[in-house]
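Enquirer: Quick one, fold the following:
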Amino acid sequence: MSSKFIYISGPMTGLPDNNFPAFYKAAESLAEAGWQPINPAENFCGRRDLPREIYLRADVQLLARCDAIALLDGWQRSRGAGLEYLIAQELGLELIHQRDEQWWRSSPKPHQLGSVMIPPPWACAKTVDDKNQRREQDGISNRSEIRR
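Expert: Below is the predicted model:
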């Protein structure tokens, strides 16, 4: 059985070193417990100079591919982590809180559905016209050409 993916969520903004050490420590502990950690501190090769919305868009995409979310201490005081928590709840992800004793020892539970990637319907179309037609069927009105 392959490892389940877990997204690490917690406060970054305004903390020393963007709280990266806490994220790296959590990733190490979760990996030792059998998880495949997704660490947002590693996104964009650790760059910290991009607009906040760029990071959030990438984080949400990564989170949606995971089976669980690990919530670091202080996540409630972070707007970004709060958003990630709400998304995780709506997606039915397993929630693991750092405040729980020995949280990092939570082993992945057996798969129910597993990590599933569902491409948009137009992703399988062979031509630009096919893609636009599928996008229209799905109620997406943007008629700009889709590049391969």
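Enquirer: And residue 75, how far from residue 47?
Expert: Counting by Cβ to Cβ, to the nearest Å, the gap from residue 75 to residue 47 is 22 Å. All C-beta atoms are positioned from the backbone trio N, CA, C, and that covers glycine.
Enquirer: Repeat that for residue 32.
Expert: Residue 32 is 27 Å from residue 47, by Cβ to Cβ.
Enquirer: Quick check: residue 48 touching residue 18?
Expert: Yes - the pair residue 48 / residue 18 is scored as a contact, 6.1 Å apart, by Cβ atoms under 8 Å.
Enquirer: Neighbour count: those two, which is higher?
Expert: residue 18 (16 against 12; other Cβ atoms under 10 Å).
Enquirer: leaving aside the residues next to it on the chain, what's closest to that one?
Expert: Beyond its immediate neighbours in the sequence, the residue positioned closest to residue 18 (Cβ to Cβ, 6 or more residues apart in numbering) is residue 12, lying 4.5 Å away.
Enquirer: Cool, thanks, signing off.
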